[in-house]
Structures are given as C-alpha cells and as structure tokens.
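> I'd like to go over a predicted model; first the sequence, then the structure.
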Amino acid sequence: QVQLVESGGGLVQAGGSLRLSCVASGRTFSGHALAWFRQAPGKEREFVAAVSGSDGSTLYADSVKGRFAISRDNAKNTVYLQMNSLKSEDTAIYYCARRDSPYLINRATFFNYWGQGTQVTVSS
C-alpha cells in the first residue's frame with residue numbers, strides 16, 4: 001500500500017513563496033509519475049503540475065507556468081512543489097498524487113494514490 005503525506009502548506013502574503021513536500025512510503029517510488037492537484041472552496045479539483053517517472057520531464061497548468069516548479073528526489077521518496085509569486089487565486093488545498101504509470105498526464109482519474117492534502121492560503 002502506498003501512502004503519501006504532504007507538508008509545507010500555510011499562510012503567505014501575495015507575492016510570497018512556499019515549498020510543498022510529499023513523502024511516499026510503501027512501494028517503489030521511482031518509475032511512477034507524480035503530480036500536484038489543488039481544490040479551492042466550491043470548485044472542482046484541478047491539475048497543477050506533474051513530473052514523469054521515466055525521464056523527469058514536467059507538465060504544468062497554464063495558470064502556474066513560470067511561477068511553480070515541480071521536482072522529485074527518488075533517493076528521499078519525495079516530490080516537491082516550489083511556488084513563487086503566489087496569488088490569492090492560488091489559495092486551495094494541495095494534494096499530492098501518484099500513478100502506477102511513469103507517463104505524464106493531467107487528469108486526476110489516472111492517478112491511483114492520493115495524499116490527505118495541505119492547505120495553502122494566500123492573503124492579498
């Protein structure tokens with residue numbers, strides 16, 4: 001069984017930065033695509049960023065491109081989301097997810113394991 005545990009959320013002013021972390025336990029970490037999704041109050045869960053399990057390539061939502069960066073450390077079983085130039089519209093619960101395939105995709109239904117989420121609040 002795979003468990004994902006996020007951390008690093010909090011309250012930050014607009015224009016500030018946060019780094020989220022997600023540690024995975026259980027089965028092998030490398031070779032699986034990882035992603036971050038978020039869900040704001042009253043809205044559907046949306047894709048933020050993903051990193052491949054094969055070649056380390058990345059994929060971003062247009063709304064965060066140029067501001068957020070996803071990375072992974074297979075030795076530490078950890079995926080990160082560096083968030084810069086935060087805006088009030090980035091306020092949401094952020095979820096880490098892992099899929100059994102190594103390939104990139106931005107659809108939540110293709111991810112097999114999910115963390116419990118971490119709250120990010122950006123004040124304007």
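Perfect, I can see it now.
> buried sites along stretch 113-124?
Of the residues in stretch 113-124, those buried by neighbour count under the rule 16 or more other Cβ atoms under 10 Å are 113-115, 117-118, 120, 122. Every residue, glycine included, has its C-beta placed from N, CA and C.
> check those residues and tell me the two furthest apart.
Across the buried residues of stretch 113-124, no pair lies farther apart than Y113 and V122, at 27.0 Å, counting by Cβ to Cβ.
> any chance of the buried residues of stretch 113-124 in JSON lines, plus pLDDT, secondary structure and distance to A33?
Below are the buried residues of stretch 113-124 laid out as JSON lines (pLDDT from 0 to 100; DSSP: H, G, I helix; E, B strand; the rest coil; distance: Cβ to Cβ, whole Å):
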{"residue": "Y113", "pLDDT": "95", "secondary structure": "strand", "distance to A33": "11"}
{"residue": "W114", "pLDDT": "97", "secondary structure": "strand", "distance to A33": "13"}
{"residue": "G115", "pLDDT": "97", "secondary structure": "coil", "distance to A33": "15"}
{"residue": "G117", "pLDDT": "98", "secondary structure": "coil", "distance to A33": "19"}
{"residue": "T118", "pLDDT": "98", "secondary structure": "strand", "distance to A33": "20"}
{"residue": "V120", "pLDDT": "98", "secondary structure": "strand", "distance to A33": "22"}
{"residue": "V122", "pLDDT": "98", "secondary structure": "strand", "distance to A33": "27"}
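> which one of these sits closest to L20?
Closest to L20, out of all of these and judged by Cβ to Cβ, is T118, at 6.2 Å.
> what residues does that closest one make contact with?
6-9, 20, 93-94 (Cβ atoms under 8 Å, 6 or more residues apart in numbering).
> same thing but at 6 Å, please
Residues near T118 by Cβ atoms under 6 Å, 6 or more residues apart in numbering: 6, 9, 94.
> just S25 next, same as before
Q3.
> let's go with 7 Å and repeat that
By Cβ atoms under 7 Å, 6 or more residues apart in numbering, S25 lies in contact with 3, 77.
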